[in-house]
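Trainee: here you go, sequence then predicted model.
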Amino acid sequence: MRESLSATAVVVLLVSCTSGGAPRSPADSTASFTDGEASLITRAGPDEPMEIVANDSEAGDAFLRGNGLPVDPSDPLLALLEARMRATLLEAKGVGIAAPQVGIGRRVILVQRKDMEPEQPVLLYLNPRIVEMSDGKLIDWEGCLSIPAGFGRVYRAASIVVEHVSAEGEAVSEFVSGYTARIFQHEIDHLDGVLFIDVKEPGKLMPEDEYRQMKALEKEQEGQG
């Protein structure tokens, strides 16, 4: 996910987004990387970015529309995948990235924790899923490393509860709100084959150069105020 400015907060009421029976544990049905995935991961060293899959080709769009498979937290290749995803995110200057965006159809994401001051660390999440989300929503601009066409405005839940699996294979649950919740929703959507252009407000995307100009003008006006 590309970074954008957050919107004004709204009143939050958490409601369950699951229905019928107990939710499936995020640790269920894990699997090791395939030979093809392993080849892609080990193609270069830990400091080397991976190629970003974009939706501007038929093959790229089709891959991004697939559902990510669970990952085995004990797979020895996971550390290299994480390192290369970090290098990719750093090069792209983004705030989040999902494994399908680098050609690995697994439920793995990196999220910059804007809510953890002052470091705002980029953390790894395995087999994440959203189990609760707020009725209250925020609208804000979003961009995507996999969608070069531009930016759009998207309503997202103001607060969520995320379940994921630790490196030791244990289930973890966490409440997240604000802009960080937006990043989680954007990246977890990738794991389910959903792109922000599928849920954005109607209208054309704003090209990146126009978006950057708009944000620069807004910042200048805020400084004068």
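Mentor: The structure has been received and is ready for your questions.

Trainee: list the buried residues of the helix or strand encompassing Y155.
Mentor: Taking DSSP states H and E as the definition, Y155 sits inside strand 147-157. By neighbour count with 16 or more other C-beta atoms under 10 Å, strand 147-157 contains the buried residues I147, A149, G150, F151, G152, R153, V154, R156, A157. Placement of C-beta: from N, CA and C, glycine included.

Trainee: residue nearest the centroid of the protein?
Mentor: E187 (1.8 Å; C-alpha atoms, centre = their mean).

Trainee: what is the longest helix that the chain contains packed up against?
Mentor: Secondary structure assigned by DSSP state H gives helix 208-224 as the longest helix of the chain. Other helices and strands packing on helix 208-224, by 3 or more C-beta pairs under 8 Å, 6 or more residues apart in numbering; DSSP states H and E, are strand 137-144, strand 147-157.

Trainee: what strands line up against the biggest strand by length in the chain, and which way round?
Mentor: Counting by DSSP state E, the longest strand found in the chain is strand 122-134. For strand 122-134, the paired strands and their directions (DSSP bridges) read strand 14-16 (antiparallel), strand 108-112 (antiparallel), strand 159-165 (antiparallel).

Trainee: so what touches stretch 35-50?
Mentor: Contacts to stretch 35-50, defined as C-beta atoms under 8 Å, 6 or more residues apart in numbering, come from residues 33, 77, 79-81, 83-85, 87-88, 90-92, 102-106.

Trainee: hmm, try it at 10 Å
Mentor: Contacts with stretch 35-50, where a contact means C-beta atoms under 10 Å, 6 or more residues apart in numbering, come from 32-34, 51, 69, 71, 75-92, 97, 99, 101-106.

Trainee: how long is it from one end to the other?
Mentor: Chord length of stretch 35-50, first to last residue, is 17 Å (C-alpha to C-alpha, to the nearest Å).

Trainee: let me see the mean pLDDT of it.
Mentor: Across stretch 35-50, pLDDT averages out at 97.
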